[in-house]
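S.K.: could you look at this predicted model? Sequence included:
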Amino acid sequence: MGALILSLLFTVTACGSNNATGEKNSEKPIKLLMNLHAPSKHHLNENGAEPWAQKVEKETNGRLEVEVHPNASLGDSESIYEDTSGGVYDIGLVTNGYGYDTPIFPWTLSEIPFVYGDPVQSREIIEKITDKYGVEKLNEQNVKYLGTVAQDPYILTSTKPINSIDDVKGMNIITYGRTNDDLVKSWGASPVSIDHNEAYEALQRGTADAIFYTGASSVTGMQYYEVAPYFIQNLPLTGASMAIIINKDKYESLPEDLQKTLDELGNELGEMMTESYQNEYEKYPEKIEDIEGVEITDISENDLSDFEENAKHSTEVWVKAANEKGYPGEEMLDYLIKLFEEEGEDVDFLK
């Protein structure tokens, strides 16, 4: 009898020590649903969401499982903040263009035109700004901030060749965010808002003539090049960033050690996804050269100045919007300029 009791005690002790031995925990895992706007074959999923989900499971000994749903299958890109906040799913990535009327607003400073390039540098700058002006206010809502992703700049790709500002007159151009809509109008074009996942069809049908989107994602993932094969590489209208958030009720229901792990890994997800954008940003010009029918154009300096002429107005639009929403717009813009100047960038036109 004593031997049987000893044997049972040993079994219970062994089962309870799974975490210490590194074996998978026998408890029922806590599942987190992630809605990802990108398709399953997009580099954001293959190099970011999926390997991160595996790492979360490994780092928590199977106590946490992240179930990734690509292609915005749990909800539209436009409602990711509202859906995450409301508990439709647990984790979402809110692109700055869809955060204008939410506490994601400080991330829209990445929409300032003609200044963003390298994703890794962009993330460092955006993180400094949002750490100072955005994260605390965001965490007061029914979400918890986990990390920031920076994309490569949104360049212009079109269904027909563009060599000068005259070529865009009358075009319907898909833009994300409102900061540069007036700038696009000053070119004689019309900005239109169409969800990421509907843009391909709009370009294919002629509902839109061009799109500002990351060059890397236009080639790897979204395949916009198939219907908009003309790439203007030296017209980076805007940068782009995403805030990674988790539903606060779900987050606070987790044991404290899992909350801490998720905080650390959330930041790591931001790094992983940004690194993926960086790698694709460096590689996509070569990929384009190998695709039949795709043309790369660099607009001449003289013609480029026509596109950039009213860029300062975009900063004024952003500052006004920030002030109206209760943020210190001028102070935030000055801080952005300071950060770029510390990186050795010439951003005098923003002043």
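M.R.: Great, that's in hand.

S.K.: which element, helix or strand, includes Ile245?
M.R.: For Ile245, the enclosing helix or strand under DSSP states H and E is strand 241-247.

S.K.: buried ones in that strand?
M.R.: For strand 241-247, burial by neighbour count (16 or more other CB atoms under 10 Å) applies to 241-247. From N, CA and C alone the C-beta is placed, and that goes for glycine too.

S.K.: and if you look at stretch 227-242?
M.R.: Those would be 227-233, 235-242, for stretch 227-242 by 16+ other CB under 10 Å.

S.K.: closest to Gly86 among those residues?
M.R.: Met242 (18.9 Å; CB to CB).

S.K.: residue contacts, that closest one?
M.R.: Met242 makes contacts with 93-96, 107, 148-149, 151, 273, as judged by CB atoms under 8 Å, 6 or more residues apart in numbering.

S.K.: and the residue nearest the centre of the chain, how far is that from Gln54?
M.R.: Compute the mean C-alpha point of the chain, and by CA atoms, centre = their mean the closest residue is Met242, 3.1 Å away. According to CB to CB, to the nearest Å, Met242 and Gln54 sit 21 Å apart.

S.K.: low-confidence ranges in this protein?
M.R.: Along the chain, the parts satisfying pLDDT under 70 run over 1-26.

S.K.: strands paired with the strand holding Ile245, and their directions?
M.R.: strand 91-95 (antiparallel), strand 143-150 (antiparallel) (DSSP bridges).

S.K.: thinking again about what came up before, just give me the closest of the contacts of Met242 to Pro119.
M.R.: Taking the contacts of Met242 together and measuring to Pro119 by CB to CB, the closest member is Gln151, at 6.1 Å.

S.K.: let me know whether the closest one touches Thr214 as I believe.
M.R.: Yes - taking contacts as CB atoms under 8 Å, Gln151 lies within contact range of Thr214: 4.8 Å.

S.K.: got any residues that touch both of those two?
M.R.: Shared contacts of Gln151 and Thr214, defined by CB under 8 Å, 6+ apart, are found at 240, 277.

S.K.: re earlier: out of the buried residues of stretch 227-242, list just those in strands.
M.R.: In strands, defined here by DSSP state E, the members of the buried residues of stretch 227-242 are 230-232, 241-242.

S.K.: neighbouring contacts of the strand or helix carrying Phe340?
M.R.: Assigned by DSSP H and E, Phe340 belongs to helix 329-342. When contacts are defined by CB under 8 Å, 6+ apart, helix 329-342 is touched by residues 106, 109, 112, 115, 125, 128-129, 132-133, 315, 318-323, 347, 350-351.

S.K.: need phi/psi at Ile165.
M.R.: With angles defined as degrees, to the nearest 10, Ile165 sits at phi -70, psi -30.

S.K.: so what's it closest to, chain neighbours aside?
M.R.: Distances taken as CB to CB, 6 or more residues apart in numbering place Asp306 nearest to Ile165, at 4.1 Å, with adjacent residues excluded.

S.K.: how many neighbouring residues does that neighbour have?
M.R.: 16 (other CB atoms under 10 Å).

S.K.: repeat that for Asn45.
M.R.: Count around Asn45 with other CB under 10 Å applied: 23.

S.K.: ok, Ser73 next?
M.R.: As a burial measure, Ser73 scores 13 neighbours (other CB under 10 Å).

S.K.: PyMOL command to pick out the buried ones of the contacts of helix 329-342?
M.R.: What follows is the PyMOL syntax selecting those of the contacts of helix 329-342 that are buried according to 16+ other CB under 10 Å:
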select buried, resi 106+109+112+115+125+129+133+315+318+319+321+322+347+350
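
S.K.: just confirm Val241 contacts Pro153, I think it does.
M.R.: To be clear, residue 241 is Ser; Val isn't right here. No - counting by CB under 8 Å, Ser241 sits too far from Pro153 to count as a contact (11.2 Å).

S.K.: tell me if Ala321 really is in a helix.
M.R.: Yes - applying DSSP: H, G, I helix; E, B strand; the rest coil, one finds Ala321 inside a helix.

S.K.: before we move on, the earlier item: can you list the buried residues of strand 241-247 in JSON lines and add distance to Tyr335?
M.R.: Shown next, in JSON lines, are those (distance: CB to CB, whole Å):
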{"residue": "Ser241", "distance to Tyr335": "15"}
{"residue": "Met242", "distance to Tyr335": "20"}
{"residue": "Ala243", "distance to Tyr335": "18"}
{"residue": "Ile244", "distance to Tyr335": "22"}
{"residue": "Ile245", "distance to Tyr335": "23"}
{"residue": "Ile246", "distance to Tyr335": "27"}
{"residue": "Asn247", "distance to Tyr335": "30"}
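
S.K.: cool, thanks, signing off.
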